[in-house]
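S.K.: 3D, please:
(2 chains)
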Amino acid sequence: MRAGQLDALVEAVEDGNGGDGDDDERGAGGVDFDGLRANRDGDGFRFRTPHTERTGLSEAEFREVAESNPWFVSNWYYWTREVGLGERGEQEAATRHHDGASARHTFLRWAENADDYGVPERYEALAEGVSREWGQLCVTATVADHGERRYHLRHVADADADLSSLDVYTDPLEARSIVTYDERGRYRPLKTAPTLRDGWAFTDLDGRSLVDTVDVVYPATIPNWYREREGRLDVSHWDETAERQTGIYDVVDELDEEAVEWIAESCCVDSQCLKRRMWDKDEESELDADRGDGVFPCREPCSLVVAAARKWTTLEREESRTYEFELTPSEKEQVEDIIDAVAEGRTDEIREADVYEGANRYRARFLRAKRFDDEGNLSGTPTDGE
Amino acid sequence: MQALVIVAHGSHLNPDSSAPTYDHADTIRDVGAFDEVKTGFWKEEPSLREVLRTVESDEVFVVPMFISEGYFTEQVIPRELRLDGWDVSQWESDGLSASHATLTASDTNQRVHYCGPVGTHESMTDVLVRRAESVTGDPNVGKGFGLAVVGHGTERNENSAKAIEYHAERIREMDRFDEVQALYMDEEPEVDDVTDCFESDDVVVVPLFIADGFHTQEDIPEDVGLTDDYREGYPVPAEVDGHRIWYAGAVGTEALMADVVLERAAEAGADVDDAVEIVRKRTRGTPAAGD
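M.R.: Below is the predicted model of the structure:
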């Protein structure tokens, strides 16, 4: 605890304002934050924590008691003065829609489990570092001298890695170089795909920089998670989103419910995206597909899904027809294996010489050599047959 | 608190599409004229639907990184940002003159100053000229040179060609280059015929595009005859039919573009102090990426 923090506390009690320095009318309410209650009435100052209660204090006595409870004072100072908002944050959240600062505040408190533990337990845990998972991110909160929190960020796979083995960054915007490509150097159009590469760390971030960094890795996930916690997440379901589309995407509202189900099943599950799907066909018709277990919600079909749906809309306009193919039972199973391996992104895992795998490249080449004609038609059957 | 939000198209396929938007946002962020500088995209994240949620300020200046007024600036962006009561007539534009309109975003209650696109701003003309300077390495380039401003062009939107012609005419009026011509990919006169359109031995070809991508890296170099296969690359300048073609790539990657973004916001009422001056000085002093 610094002297300035104690001065600020005395001032807040004198002002009858424990939150944000604003002159809202808190009257004799004084400070009431995270178990610390301090105010002043006719009998003098009062200082209270879950373990201490002192009343009728002179200012000098008040300062002395506060000094012997430094964690409560520095905790109050950090949340109300450095992160900002303090107690007013909750009031603001209830009355206003625009709440970027409240979302930041709430996220930082989530990072140190502030809802579940009191100040002493938290300070003890923060001394070691409190870690939580946000998608593939491991967020670690620590406390420095005087109660300032410092945050560290790395890939969950590197949670226990030695820092010297990681590339260390400090500027939130440098995260762009991490999120743009996956491990194999392919562009990641979906930031919440579970393909975030590891091997890096952001160290020693302040609260704002932590939120900025998370926002580069998983854009807008904090404000949406915050709205969900507040019970105000606005979900745009499939029908509403599809109807909103214009231009070349105007057609996607033609897809029927079954196709929307296939979209959710193919695109919006944890293996493809870490957001937890909150949208359905419409408010009444829930989709069966798994929503995922992600910590942050998905409030409407994203641009990738809409763009893919446009292609599927045109494909779904086609009528199916009957083709005749010659395949052995094993070859039919092989076709199924190939589709499955591609759909699951497993083709790279299939060993070069593992011809027991249907999706093995040599097996696929053998099938092609045997069953395709010179035009690439399966079983020699043209696509547009009579 | 005031924020700048630069909105752009972005791409599901090509990371270069958003690169200039990030670069210009960084330049402006560095001068500290705004409490926050954010970017939002149609095809990337944060999406246009959610970008305002990432902004803490009550006062937001939104500048579209688009070349012309049209479908995106008039329909898609205002709709996705949920700009309450938007009507394109608020811009009172002839297709080139959109400056700004002030609205409330119904999603966040922020006051949004929605600006016209960067491409139609008059200072974009300077960026085109600056691009010619940086690609030739000659701050006085002009005498003995022709300049081709290349646009996509489309039958579907007359504003698309308007922006190209507007800047070509303004550069012509500068009387700096021997010849100035507007050329198009999908309209006459076509960029394929660039060498027929100029008498000058040296011609600088500047595509009026926001980002380098399929059109500026693949189509135009092949159409102009710089190379048969874009993958093999091409020299700058390249000899084509007796002309030296100085191909500049997308003008949007020019560092000076940050200046246009800032001017758009300043004209909409952003308090940017002398940031415009600082940005101009910095972006003129720095060679464009790739030079």
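
S.K.: can you list the residues of the stretch 251-386 of chain A near chain B?
M.R.: Where proximity means C-beta under 8 Å from any C-beta of the partner chain, the interface of the stretch 251-386 of chain A facing chain B comprises A:299-300, A:302-304, A:307. The C-beta positions use only the backbone N, C-alpha and C, and glycine is treated the same way.

S.K.: Let me have these in JSON lines, extended by neighbour count, distance to A:Arg37 and pLDDT.
M.R.: Putting these into JSON lines (neighbours: other C-beta atoms under 10 Å in any protein chain shown; distance: C-beta to C-beta, whole Å; pLDDT from 0 to 100) gives the following:
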{"residue": "A:Arg299", "neighbour count": "23", "distance to A:Arg37": "38", "pLDDT": "97"}
{"residue": "A:Glu300", "neighbour count": "22", "distance to A:Arg37": "43", "pLDDT": "98"}
{"residue": "A:Cys302", "neighbour count": "25", "distance to A:Arg37": "45", "pLDDT": "97"}
{"residue": "A:Ser303", "neighbour count": "22", "distance to A:Arg37": "49", "pLDDT": "97"}
{"residue": "A:Leu304", "neighbour count": "19", "distance to A:Arg37": "50", "pLDDT": "97"}
{"residue": "A:Ala307", "neighbour count": "15", "distance to A:Arg37": "54", "pLDDT": "97"}
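
S.K.: which one of the residues you listed is nearest A:Asp234?
M.R.: Taking C-beta to C-beta as the measure, A:Asp234 sits nearest to A:Arg299 out of these, at 6.4 Å.

S.K.: any low-confidence regions in the stretch 151-291 of chain B?
M.R.: Applying pLDDT under 70 to the stretch 151-291 of chain B flags residues B:155, B:285-291.

S.K.: do that again at 50, thanks
M.R.: B:288-291 (pLDDT under 50).

S.K.: Closest residue of it to chain A?
M.R.: The nearest approach of the stretch 151-291 of chain B to chain A comes at B:Arg156, 10.1 Å away (C-beta to the nearest C-beta).

S.K.: mind checking the SS state of that residue?
M.R.: Here B:Arg156 is recorded as coil under DSSP: H, G, I helix; E, B strand; the rest coil.

S.K.: Would you mind naming what in chain B lies close to chain A?
M.R.: Within reach of chain A by C-beta under 8 Å from any C-beta, chain B has these residues: B:11-15, B:22, B:26, B:42-47, B:49-51, B:53-58, B:71, B:75-76, B:79, B:107-110.

S.K.: if you set the cut-off to 7 Å instead, what comes out?
M.R.: Listed as neighbours of chain A in chain B under the rule C-beta under 7 Å from any C-beta of the partner chain: B:12, B:14-15, B:22, B:26, B:42-47, B:49-50, B:53-56, B:58, B:71, B:75, B:108-110.

S.K.: Once you drop chain neighbours, what's closest to B:Gly225?
M.R.: With C-beta to C-beta, 6 or more residues apart in numbering or on different chains as the measure, B:Val240 is the residue that lies nearest to B:Gly225, at 4.6 Å, once sequence neighbours are left out.

S.K.: got a list of what the closest residue to B:Glu199 other than its chain neighbours touches?
M.R.: Distances taken as C-beta to C-beta, 6+ apart place B:Glu179 nearest to B:Glu199, at 6.7 Å, with adjacent residues excluded. Contact partners of B:Glu179, counting by C-beta atoms under 7 Å, 6 or more residues apart in numbering or on different chains, are B:146, B:198-200.

S.K.: What ranges does the stretch 51-200 of chain B have for its strands?
M.R.: Chain-ordered strands for the stretch 51-200 of chain B, with DSSP state E, counting those that start in this stretch as the definition, fall at B:59-64, B:100-104, B:111-115, B:141-151, B:179-184.

S.K.: and the third one with strand B:100-104, angle?
M.R.: Think strand B:111-115. Here the directions of strand B:111-115 and strand B:100-104 differ by 150 degrees (axes from the mean of the first three to the mean of the last three C-alpha atoms, to 10 degrees).

S.K.: what does the fourth one give?
M.R.: What separates the directions of strand B:141-151 and strand B:100-104 is an angle of 40 degrees, with the same axes, to 10 degrees.

S.K.: Point out the other helices and strands that strand B:141-151 packs with.
M.R.: Strand B:141-151 makes packing contacts with helix B:124-136, helix B:158-174, strand B:179-184, strand B:202-207 when contacts are defined by 3 or more C-beta pairs under 7 Å, 6 or more residues apart in numbering or on different chains; DSSP states H and E.

S.K.: which neighbours does the last one have in its sheet, and in what orientation?
M.R.: According to DSSP bridges, strand B:202-207 forms sheet pairs with strand B:141-151 (parallel), strand B:243-247 (parallel).
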